[in-house]
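> need a 3D model of the sequence below.
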Amino acid sequence: MQQRTLGGTPVSALGLGGMPMSIEGRPDEDRSIRTIHAALDAGVTLIDTADSYHRDANEVGHNELLIAKALATYGADSSSVLVATKGGHLRPGDGSWTLNGRPDYLKEAAKASLKRLGVDAIGLYQFHRPDPEVPYEDSVGAVKDLLDEGVIRMAGISNATVDQIKLSNEILGGRLVSVQNQFSPAFRSSEDELRYCGENGIAFLPWSPLGGIKKAGGLGEQFTPFQEIADRHGVSPQQVCLAWELALAPTVIPIPGASRPESIRDSVQAAELELSADELATLSGTR
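Predicted coordinates for the structure are as follows:
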């Protein structure tokens, strides 16, 4: 698979989003592990997770533990795989989401993630979502401390504005390597952040790049140009969507979620799909 760079580290042009394997409607563990192994077999070297990717209140870090088990049981070398996790967004277990951006909490959460992943240092740790009750610079300052202490190797942020990207990079001393924001044909409000990251060499990781768990399957019906171009190439509209996102900037690394081996195998083929300038223009103009 084609590669891109994240903080100077080569990674696959597409990553694997782990959320669907751990929240409501998740598959059994065997299928999830087969899905992760299928991604590795296809050349994926970036896996995205978070301590909040779980369903029940008593299973914080479910997805982190699942990924660690999948990597440990993979029958080939997985040393080049970069696992990116996040902290600061919580799930009480009732389906809701809450926030905690307090520096002491983020440091505790990162060290708990480190233990669950079973690594010496977290490859990429990202502040999950701004907490309006905590000054943003304080939360990012905690990530800086984790970076300086060697608990994490690289630092990123998620659900951020351009101003927050600039502030974070300043706090981190120019060491911000990634921004993970929602972006898809249905959700374009992060175009400014995507563009800024492309201009400044910061990896932009679109989450829900196909529109989300419930909408990904109907992408071609909701946005017919994606289906029409997919039919022309003999591929799925999901592949067309990911190829379009890859073409938006050399720093874009989509992280489609998957809960079946077939899904991730289809998604990774987008890295080899070449769309014409006219096709890309059509897709960019589709709303």
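> tell me where the model's unsure across the stretch 1-150 of the chain.
Residues of the stretch 1-150 of the chain meeting the criterion pLDDT under 70: none.
> so which residues of it form strands?
Assigned by DSSP state E, counting those that start in this stretch, the stretch 1-150 of the chain shows strands spanning 3-6, 9-12, 16-17, 46-48, 82-87, 89-90, 98-99, 124-127.
> strand partners (parallel or antiparallel) of the first one?
Spelled out, that is strand 3-6. strand 9-12 (antiparallel) (DSSP bridges).
> same check on the last one?
When pairs are called by DSSP bridges, strand 124-127 turns out to pair with strand 82-87 (parallel), strand 155-158 (parallel).
> will you turn those into CSV that also has mean neighbour count?
For the C-beta atoms, the positions are set from N, CA and C on the backbone; glycine is no exception. As requested, those are exported to CSV (neighbours: other C-beta atoms under 10 Å):
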stretch, mean neighbour count
strand 82-87, 26
strand 155-158, 26
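> tabulate those strands (TSV), appending distance to N100.
Below are the strands paired with strand 124-127 laid out as TSV (distance: least, C-beta to C-beta, whole Å):
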stretch	distance to N100
strand 82-87	9
strand 155-158	14
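> tell me which of those strands sits nearest to A142.
strand 82-87 (9.2 Å; C-beta to C-beta).
> list the contacts of the closest one.
6, 9, 11, 15, 45-52, 64, 67, 71, 106, 109-110, 113, 117, 119, 122-128, 156, 158, 178, 180, 205 (C-beta atoms under 8 Å, 6 or more residues apart in numbering).
> closest one to E245 among the strands of the stretch 1-150 of the chain?
Counting by C-beta to C-beta, and looking across all of the strands of the stretch 1-150 of the chain, nearest comes strand 3-6 at 11.9 Å.
> need the outlier residue of this protein, farthest from its centre.
Residue farthest from the centre of the chain, counting by C-alpha atoms, centre = their mean, is R232 at 28.9 Å.
> measure that residue to C241 for me?
14 Å (C-beta to C-beta, to the nearest Å).
> equivalent analysis for Y105, please.
36 Å.
> same thing with G217?
Here the distance between G217 and C241 works out to 12 Å (C-beta to C-beta).
> looking at the two, which is more packed in?
The neighbour comparison of G217 against C241 (other C-beta atoms under 10 Å) goes to C241, with 27 against 14.
> quick one: residues contacting that one.
The neighbourhood of C241, defined by C-beta under 8 Å, 6+ apart, consists of S184, P185, P209, L210, L219, F226, A270, L283.
> nearest to A247 among those residues?
Nearest to A247 out of those is L283 (C-beta to C-beta; 8.8 Å).
> host element of A243?
helix 237-248 (DSSP states H and E).
> now do that helix, average pLDDT.
Helix 237-248 shows an average pLDDT of 98 in the prediction.
> excluding its own residues, what touches whichever helix or strand comes after it? List them.
Counting by DSSP H and E, the next helix or strand C-terminal to helix 237-248 is helix 261-268. With contacts defined as C-beta under 8 Å, 6+ apart, helix 261-268 is touched by 1, 12, 14, 16, 31, 34-35, 37-39, 42-44, 236, 238-239, 242, 256, 258.
> which positions within helix 261-268 qualify as buried?
For helix 261-268, the neighbour count (16 or more other C-beta atoms under 10 Å) marks P261, S263, I264, D266, S267, V268 as buried.
> count of residues packed around P254?
That count, for P254 with other C-beta under 10 Å as the rule, works out to 27.
> excluding chain neighbours, what is closest to it?
Among residues not flanking P254 along the chain, P209 sits closest, at 4.1 Å (C-beta to C-beta, 6 or more residues apart in numbering).
> wait, doesn't the one you found sit right on I255?
Yes - between P209 and I255 a contact is recorded at 6.9 Å, counting by C-beta atoms under 8 Å.
> looking at these two, which is more packed in?
P209 (30 against 24).
> tell me which element that one falls in.
With DSSP H and E as criterion, P209 is part of no helix or strand.
> E133 is nearest to which of the strands paired with strand 124-127?
Closest among the strands paired with strand 124-127, using C-beta to C-beta: strand 82-87, at 15.7 Å.
> tell me how many other residues crowd I122.
25.
> list the contacts for it?
V83, T85, A110, S113, L114, V151, I152, R153.
> so what's the fourth one up against?
Spelled out, it's S113. D51, G61, E64, T85, G87, I122, Y125.
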